[in-house]
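**Student:** Need the 3D shape of this:
(one chain, ligands or ions: 1)
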Amino acid sequence: MTLAQLRTPAGAAALERAAVVVGAGPLVAAQSLRAAGFAPDLAAAALTQAGLRAAAVGKFGAEAGSMFFTRPGLEQATRRAVANRRAARLANSGVRVIADLGCGIGADALAFARAGIRVLAVDADPLTAAVASANVAVLGLDSLVSVVCADATTVDLSTVDGVFCDPARRTGSGRVFDPKAYSPPWDFVSALSTRVPRTVLKLAPGIDHALIPAGAEAEWVSVDGDVVEACFWYGPLASVPRRATLLPSGVLLTGSGRSGAPVGPVRRYLYEPDGAVIRAHLVAEFASTVDGTLADPDIAYVYADSVVATPYARCYEVREVLPFSVKRVRAALRERGIGTLTVKKRGSALDPEAFRRAMRLSGTGTATVVLTRVAGAPTALIVDPL
Ligand SMILES: C[S@@+](CC[C@H](N)C(=O)[O-])C[C@H]1O[C@@H](n2cnc3c(N)ncnc32)[C@H](O)[C@@H]1O
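**Tutor:** Down below sits the predicted model:
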């Protein structure tokens, strides 16, 4: 079953029917399509695509219902809000024609085009490139995007004034953490800015800070508190050494990423910075916004005497500070009549779920326990979210 068949009138009808019945479960849905006269292979392909479209709504909104996906292509695709923000920044920086090297199903390419940038979208995988083409056509962006199936390392970049590369970080056996295993390879990707100065790389949030090139900007992006990517902005695109971008609000925190926050005792309020702030090494910059200190130089919990409304962190009021011991924490929680416990940790090797079970609680109250270290010592804090 090919993508081309799904794009015929019969394929469109099968997709329309599949969208209605896909939630009924695989057997019922397949029977329903066959009863409507669709051939088994077309019915199966339409149902797979309908399932992918439903799963894609979180990343692409209602538009997912008319797009095409492969499973790996959807998993690796940039969500629309993140792609739009990057595209707007590139357009504002004067990029007019961009090469998207390893375009996948086209999530970033579509965003570039919508920001008015012409796109040369390249993917080495023929099906993935065909899916990107289909998405460009379905969304009416053919005049701005050409999709080419090729190895990115062979592409002529003399006609573009910007490059975006989101290398594949997965193999058949799972995620790849070592940039040397990226595809296209890291040596090629990391040298792109020497060919086209306005280069942006999308990388895994866990990218090693040692790989941030001198003069480049490293940005970490979170969506609803989950860190979704790191991005290196090169040459004229770099504006600050480190940036945390928190979506959907779009609020930014910037800084050098180098300074350490002051250290002090546990104070009345605990702030848990957004993951993008932590990954960008901007905890000191955040701490200064709440007049806060760390209780351990290596742990990104910030403590302060007052509550400050901040977009950069969640705030908790500290109720009790206990040197860590299962018995002591259990006794303290039982005394408070706690039955429902949320466990958070930073700087503790304990498994939060195993710890929660070990508390054997049966009360009616709720509480949050933070397992951490204070001046190097394992410590449990009983806190209330504000
Ligand atoms: C992480 S995905 C890109 C996702 C894309 N930015 C999106 O949001 O839809 C990486 C893509 O790079 C492609 N790729 C891997 N090696 C490549 C190469 N040497 N040349 C071109 N494409 C390549 C893979 O087929 C995959 O589709």
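**Student:** Okay, strands next: where are they in the stretch 151-300 of the chain?
**Tutor:** 162-165, 170-171, 174-175, 199-203, 217-223, 226-233, 242-247, 251-255, 269-273, 293-294 (DSSP state E, counting those that start in this stretch).
**Student:** what about Glu229, neighbour count?
**Tutor:** Counted with other Cβ atoms under 10 Å, residues neighbouring Glu229 total 23. No exception for glycine: its C-beta is placed from N, CA and C like everyone else's.
**Student:** try Ala284
**Tutor:** Ala284: 19 neighbours (other Cβ under 10 Å).
**Student:** same check, this time on Leu322
**Tutor:** 16.
**Student:** The one 3 residues further on too?
**Tutor:** Residues within reach of Ser325, counting by other Cβ under 10 Å, total 11.
**Student:** Domain boundaries for this structure, per the record?
**Tutor:** 3-66, 75-239, 269-385 (automatic domain parsing).
**Student:** Now render those as a markdown table, adding mean pLDDT and distance to the ligand.
**Tutor:** Converted to a markdown table, the domains of the chain look like this (pLDDT from 0 to 100; distance: least, Cβ to the nearest ligand atom, whole Å):
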| stretch | mean pLDDT | distance to the ligand |
| --- | --- | --- |
| domain 3-66 | 92 | 9 |
| domain 75-239 | 94 | 3 |
| domain 269-385 | 93 | 19 |
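**Student:** ok, Leu15 - contacts?
**Tutor:** 6, 46, 49-50 (Cβ atoms under 8 Å, 6 or more residues apart in numbering).
**Student:** now do Lys344
**Tutor:** So Lys344 contacts 272, 352, 368-371 (Cβ under 8 Å, 6+ apart).
**Student:** do that again at 10 Å, thanks
**Tutor:** 270, 272, 301, 314, 316, 352, 368-372, 381, 383, 385 (Cβ atoms under 10 Å, 6 or more residues apart in numbering).
**Student:** cool, Gly11 as well?
**Tutor:** In this structure, Gly11 makes contact with 1-5, 38, 42, 45-46, 49, judged by Cβ under 10 Å, 6+ apart.
**Student:** Could you check which helix or strand contains it?
**Tutor:** helix 9-21 (DSSP states H and E).
**Student:** Give the buried residues for that helix.
**Tutor:** The neighbour-count check on helix 9-21 (16 or more other Cβ atoms under 10 Å) flags 11, 13-15, 17-19, 21 as buried.
**Student:** Make a markdown table from the domains of the chain and add distance to Leu252 to it.
**Tutor:** Conversion of these to a markdown table gives the following (distance: least, Cβ to Cβ, whole Å):
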| stretch | distance to Leu252 |
| --- | --- |
| domain 3-66 | 22 |
| domain 75-239 | 9 |
| domain 269-385 | 10 |
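**Student:** Those domains: which one's closest to Pro248?
**Tutor:** domain 75-239 (6.1 Å; Cβ to Cβ).
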